[in-house]
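Asker: Mind looking at a prediction? Sequence and model below.
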Amino acid sequence: MNENRQSDPGSDVEAFVARLEALFESNGAAEYLGEPVTMADHMLQGAAVAEKSGLPATVIVAALLHDIGHLESPRRTFSMDDSHDRVHEDAGAYFLWPYLPAVVVDCVRLQVAVKRYLCATRPDYLRCLSDASIYSLQLQGGPMGEDGVAVFAREPNLEAILQVRYLDDSGKRQDMRTPPVSHFLPLVSHLAELHMRSVQDAVRE
Ligand SMILES: [Fe+2]
């Protein structure tokens, strides 16, 4: 943690939220990754469904930012011609962890693992995946093995991780209108401020 962060979490949060807004307006956000919606629309749809369903703020924010690794690091952008996994979930989690609580970071970091978990534990789950998601599943190791399932089932934030995974799968609709990213940024800012202040307080104690 740098000195600036210890003295003023507010300015770090402001810079973080400005960066998010810029990413949602970047060229990468307008790309289609084998789905019928842009990257920005995909994430906004998940967040909009979460908000409408009355899900917790952490789940709304995780849905909004779950694929931010694609945008934050252009080399992470998926293509249907890929022959290897680009681990965008790691890039996203690494970008978000200084600013947001562990439950949000876990939803982002484990979005691929939970897909592999659901494919192994729910035979009907595979049928709800898009073609691009089925293709990437092959690059990501396919359905989880028995040992992996037993370990993953004990994830402390499993409920939220599952919710965000389902929101991810549902946010691929050509016909869905959503609020702009600016609608959600005050919630991101609020969560980030709470988190960074609690980290700062813990360091002081
Ligand atoms: Fe996604």
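Answerer: Right, received. Where do you want to start?
Asker: Quick check, His70 in contact with Glu35.
Answerer: No - counting by C-beta atoms under 8 Å, His70 stays clear of Glu35, with 11.5 Å between them. Quick note: C-beta positions are derived from backbone N, CA and C, even for glycine.
Asker: the more surrounded of the two?
Answerer: Neighbour tally, His70 and Glu35, criterion other C-beta atoms under 10 Å: the higher count belongs to His70, 25 against 20.
Asker: list the helices and strands the host helix or strand of that one packs on?
Answerer: According to DSSP states H and E, His70 maps onto helix 68-72. Identification of packing neighbours for helix 68-72 by 3 or more C-beta pairs under 8 Å, 6 or more residues apart in numbering; DSSP states H and E yields helix 9-24, helix 39-52, helix 88-96.
Asker: switch to 10 Å and redo it
Answerer: helix 9-24, helix 39-52, helix 88-96, helix 102-109 (3 or more C-beta pairs under 10 Å, 6 or more residues apart in numbering; DSSP states H and E).
Asker: contact partners of that helix?
Answerer: 19-20, 22-24, 26-29, 31, 33, 39-40, 42-43, 65, 76-78, 86-96, 108-109, 111 (C-beta atoms under 10 Å, 6 or more residues apart in numbering).
Asker: and the protein, which of its residues are near the ion?
Answerer: Contacts of the chain with the ion, taken as C-beta under 5 Å from the ion, map to Asp67, Asp168.
Asker: At the geometric centre of the chain, which residue sits there?
Answerer: For the chain, the residue sitting closest to the mean C-alpha position, by C-alpha atoms, centre = their mean, is His66 at 1.1 Å.
Asker: quick one: that residue and Cys107 touch, right?
Answerer: Yes - taking contacts as C-beta atoms under 10 Å, His66 lies within contact range of Cys107: 6.5 Å.
Asker: Mind listing the shared neighbours of these two?
Answerer: Joint contacts of His66 and Cys107 (C-beta under 10 Å, 6+ apart) are Glu89, Gly92, Ala93, Leu96, Val164, Arg165, Leu167, Asp168.
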